[in-house]
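>>> here is a sequence with its predicted model. Questions after.
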Amino acid sequence: MVTDSIFNLMNTNGRRNDVLNALKIYLEVLEEIKSEYPTESWNSYPESIAQYVFYVKALEKSKDVFKVHKKFDSFSESISDDFQQFIDKDNDWIDSSFLDYKKVLDESIEQRSRHYTSNLVKMGFTDSDRNITEAGYSYLRGSVSKDLIEQLLPLDSINIILLRQLLKLKIFSHPDENGNRKYYSPVLMAFMLLLSDMNIDLATFELIVQGLSPYSSDEIKSLVYSEKINTEELENKIKDITIEIPCELQNNEEIDFDVFKKYFKSSKNSVTTSKKYFKFYKALLSFKTSRNEADYNALILCYEENSELLKKAFGYGKTIFKMGNKGNRYNLDRFLSENADHTLLKTNKYNEEFYRVFAISKWIDGIREYSDTTIRLLNATGVFKFSNLPELSYREILTSVFDIETLKNSIFGEMTDSEFCSYENSENCYFSRNTSICQILDLNPGDVETIVNKVTDILGTSDYEQAQKMLQDKKSIDFVMHVSEKYPKEKILEILPLFSDRKNDSKIKTAVNDSASVPTIYEYIIGIAWYYISDQKFDLYRSLNLTLDANFEPVIHAGGGEGDIIINYEDLVVMLEVTLMNKQAQKRGEWEPVLRHSLNLKADNKNKDIITFFIADELDYNTINIWRAVAAVPLESTNNHDKVDGVVIMPFTNLEIINFLKENVNIYTIIEETKISFEEIPKITDTQWREKVMEKISN
């Protein structure tokens, strides 16, 4: 990625919290476009309709995110009579009408498509022409071939793919006069910070990881390379940027509000916000001048009225002054003592310094805004945790994988133009390929063997497979602890009813994880509900086909062609197929995959009973009876074409699952009654019926 400003992994135009879901949806759309319009390039209309089609499909697949699109709706209505001519790029239509729509098509439709898909380019999932790369297909399919280190870590395929791409991520400068480019590797910096023996708060972590760049000074780089990083000093150096003071503020007279609001404004240019800033400006100026009790109390009151706003604008995201906690503020003398060196209190050029602090704080707020997506992606690797202080999962294991000194020396560097092109700016470049962690870290077989031996020693075993199992078992136990603490049965009973009304989506995301889509969260919550219905007698973590972040929250359905939740009891296998599709959509979107998953599962488990439970908020009448009917006929699996008899698919509503939980219905009652009912279905044994009909017709 090349930039001379704060880097970002998701453009602010169209940025969304469900980052992983967005990446997958956009890849799906690009794949559909390539299939439906194979000759269309990624260019603007009239050269290509690809960007228009992308926007249409992205809106359709993300209705819960993109709810308002008035200009697009107006455009669609305006060309409705000429739509086919528009799609066909009819020359007569282009000559007579295109200019009337060119601006809205470019700025409100195609430009958005370019912005949304730029995130795929930044992650190496597509090239600049939006062709899906090797890494992109791997992410789309949820499939990856893991090396020995990756197999050892208890991470799923999506976790691994994201970790690979982020480890390879470099932020490049523009070329110098010789064509050389400097680079900065933010995720290597993140690893180095958290593998070092230091505690670091989230605000400092964000500022350092997101605030560094290929243009960072030699002084900053020397701090990074130092034997023990002084994060406070590094943070201060990052904040030390040159600010040009407006002429109107280069005096010590109290600023008039009409002048003040020109320079002190929010990103939305709100006058109301400027007034709040101005109130703080005057309260601080009065206290700075008098330093008496009354003005101190007025300053504290002013701060507490808008503390979050003022932290962002004047405190670099933190408390502006050392002042104690709300309800237990310092007295005047202690406040003056603790803040004696604060730049806003000791400066002789108050207006200039007030503006400088504001400008730097706003710049840092921009860093934190862009950092939101970076943090979400780091968390989704399953390695970086941000519940309290930033930390690494499996830190002891990762200390064996990553060498601190090697990391330090890899954070900043320089490439020639040809090296840059082969790294990320050419067809089949290094960044876009499926490159394993061992390859990324340039580990030879001897290095890998040493790392594996260190890890097995840490775990107290000499067996690689036993080490794998121990790490997986530990993750299963930790996940159950997380579920018992955050999602007790009572909490699940509070959350489940919310899914019956999509107006509750924001409440659901707040209760669980706003980085996931609501259908993904539903799958997660149903899995936990079934865990309680089953009296906690199965491995919940291994049963979910979900990618979890490092905090054990869901982020995306893992895919891979399997059912949503597959539970191995002692004597049978239960699959839960979970959907929020309404009755009409169930026919179109669920019949084929649910039946396919059920057939393949039964074919793969010939010696066990198999039951599929189809769970939806509402059930379509035909769907209920189709599931009943398939149990009567012999069918064929799609994986290996084995013949399968007696597929059992039992549908339940969300309300019925809630009642099972409330009434403590025993799982074996549910299973036994389902089996008894399906055993009553008369089987169709004549598999040659079609041939007999054809024979009679022919005769």
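Done, it's in.
>>> for K675, give its distance to V644.
17 Å (Cβ to Cβ, to the nearest Å). Where C-beta positions appear, they are placed from N, C-alpha and C, glycine not excepted.
>>> neighbour count for the two, which is higher?
Per other Cβ atoms under 10 Å, whichever of K675 and V644 has more neighbours is V644, with 20 against 14.
>>> quick one: the more buried one and N236, what's the gap?
Taking Cβ to Cβ as the measure, V644 falls 67 Å from N236.
>>> L153 - how many residues pack around it?
Other residues close to L153 by other Cβ under 10 Å number 25.
>>> any stretches of the chain with poor pLDDT?
4, 12-14, 267-269, 560-561 (pLDDT under 70).
>>> which residue ranges of the stretch 401-550 of the chain form strands?
Counting by DSSP state E, counting those that start in this stretch, the stretch 401-550 of the chain has strands at residues 412-415, 546-548.
>>> need the winner for burial among those.
strand 546-548 (a mean of 25; mean count of other Cβ atoms under 10 Å).
>>> counting by contacts, list what that strand packs against.
Applying 3 or more Cβ pairs under 8 Å, 6 or more residues apart in numbering; DSSP states H and E, we find strand 546-548 packed against helix 518-533, strand 554-557.
>>> looking at the ones you listed, which is buried most?
Mean neighbour count (mean count of other Cβ under 10 Å) peaks for strand 554-557 among the helices and strands packed on strand 546-548, with a mean of 25.
>>> which residues touch that strand?
If you take Cβ atoms under 8 Å, 6 or more residues apart in numbering as the criterion, strand 554-557 is touched by 18, 20-21, 24, 158, 379-380, 512-513, 515-517, 519-521, 523-524, 545-549, 564.
>>> direction included, what does it pair up with?
Counting by DSSP bridges, the strands paired with strand 554-557 are strand 546-548 (antiparallel).
>>> which residues are contacting the partner strand?
Residues outside strand 546-548 that contact it (Cβ under 8 Å, 6+ apart) are 20, 156, 158-159, 380, 382, 479, 520, 523-524, 527, 554-558.
>>> could you rerun that using 6 Å?
Strand 546-548 has contacts (Cβ atoms under 6 Å, 6 or more residues apart in numbering) with 156, 158, 524, 554-556, 558.
>>> and for stretch 159-176?
Residues from elsewhere that reach stretch 159-176 (Cβ under 6 Å, 6+ apart): 1-2, 7, 123-124, 138-139, 144, 150, 181-185, 187, 214, 380-382, 431, 440.
>>> may I have the distance across that stretch, first residue to last?
36 Å (Cα to Cα, to the nearest Å).
>>> report the buried residues of that stretch.
Buried residues in stretch 159-176, counted by 16 or more other Cβ atoms under 10 Å: 159-173.
>>> from the residues you listed, which is closest to V224?
Nearest to V224 among the buried residues of stretch 159-176, counting by Cβ to Cβ, is I171 at 14.3 Å.
>>> that closest one pairs with what?
Bridge pairing for I171 - DSSP bridges - gives Y184.
>>> ok, now how distant is it from I6?
For I171, the distance to I6 - Cβ to Cβ - is 10 Å.
>>> what about the helices in the stretch 301-450 of the chain?
For the stretch 301-450 of the chain, the helices defined by DSSP state H, counting those that start in this stretch occupy 307-314, 332-338, 343-346, 350-380, 395-401, 404-411, 417-424, 437-440, 445-459.
>>> hey, which of those is tucked in deepest?
helix 350-380 (a mean of 21).
>>> among the contacts of stretch 159-176, which lie within strands?
Among the contacts of stretch 159-176, the ones falling in strands (DSSP state E) are 181-184.
>>> M323: which of the strands of the stretch 401-550 of the chain is closest?
Closest among the strands of the stretch 401-550 of the chain, using Cβ to Cβ: strand 412-415, at 37.6 Å.
>>> quick one: distance of the closest one to the chain centre.
Centre-to-centre, strand 412-415 and its host chain are 28 Å apart (Cα atoms, centre = their mean, to the nearest Å).
>>> alpha carbons of that strand, as CSV, please.
Below are the C-alpha coordinates for strand 412-415, written out as CSV (Å, rounded to 0.1, in the frame of the first residue of the first chain):
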residue,chain,number,x,y,z
PHE,A,412,11.3,-0.3,8.6
GLY,A,413,13.2,-0.9,5.3
GLU,A,414,13.7,0.2,1.7
MET,A,415,13.0,-1.5,-1.7
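>>> thinking again about what came up before, and of the contacts of strand 546-548, the nearest to S80?
Taking Cβ to Cβ as the measure, S80 sits nearest to I556 out of the contacts of strand 546-548, at 35.6 Å.
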